[in-house]
Structure formats: structure tokens, C-alpha cells
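Enquirer: Kindly generate the corresponding structure for this input.
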Amino acid sequence: QVQLVESGGGSVQAGGSLRLSCVASMNDMRSYTMAWFRQALGKERERLGTVDILGGTTTAVSGEGRFTISRDNAKKTVYLQMNDLKLEDTAIYYCAAIRSPYFYTGAIFNFWGQGTQVTVSS
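Expert: Just a heads-up that it's a prediction; the model follows:
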């Protein structure tokens, strides 16, 4: 059974930084492409970025230049480093996984964490 547990959320002032972590339970995490999503109140879920089994990443326009996704397979952990946070970054952030070596258009992430709240204030 795959379990994903996020941590690192909290309250931060605009312009600040946070690093989210996601610890995965599966022993073969290196076989999974991992991703970070977020969902703000009243809005659709948004994919922020992905990291494949070789460390290749994709980043959404909303996070370009500010958000960096990375992974440490030895620690079974995926990270989302967020810098220069803005009020509109307030959301619940989710870690997700798909058993695929790479991200591809139409990929459906079928394993999800419970989410961690990020609140950005002025």
C-alpha cells in the first residue's frame, strides 16, 4: 500500500520561503514519478510540477522561477522548495505519485497524500 505524508506547510509572509516534504512508503519509490499539486479554496486543483525517476522535472507557469521540485530516493522523500511566496500561493498542497518512469500528457496520479496547508499573508 502506497502512503504519502506531506509536511512543512504553515503560515508565512509574502516574499518568504517554505520547503515542503513528502515521505513515501513504497520501497521502490525510484520506480515512481512524483508530483506536487495544490488546490486553493474555490479553485480547481493545479499541478505545480513533476520529477521523474531520473530527476527530470517539469514546472507549471505559476511556479516558474520560484518553485523547485526535487527528490531523494534514499530518503524516499520529494521536496517542493517555494521562494518569493505570494498571497495567491495560499492553498492546500498535495504530493502525488504514479508508477511510471516519466511524466506524460494525460498521466493520472493515483496515489495522494492528505495535503498540507500553506497560508501566505501580507
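Enquirer: In the sheet, which strands lie alongside whichever helix or strand T119 is part of, parallel or antiparallel?
Expert: Under the criterion of DSSP states H and E, T119 resides in strand 116-121. Looking at strand 116-121 with DSSP bridges, its partner strands are strand 10-13 (parallel), strand 91-98 (antiparallel).
Enquirer: Any idea which helix or strand in this structure has the lowest mean pLDDT?
Expert: Least confident element among the helices and strands of the chain, by mean pLDDT, DSSP states H and E: strand 57-59 (a mean of 93).
Enquirer: same for that one, what does it pack against?
Expert: strand 46-51, strand 67-72 (3 or more C-beta pairs under 8 Å, 6 or more residues apart in numbering; DSSP states H and E). Every C-beta, even on glycine, is put in place using the N, C-alpha and C of the backbone.
Enquirer: any chance of the strands paired with strand 116-121 in CSV, with mean pLDDT, distance to E44 and mean neighbour count too?
Expert: Written out in CSV, the entries for those read as follows (pLDDT from 0 to 100; distance: least, C-beta to C-beta, whole Å; neighbours: other C-beta atoms under 10 Å):
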stretch, mean pLDDT, distance to E44, mean neighbour count
strand 10-13, 98, 23, 12
strand 91-98, 98, 11, 22
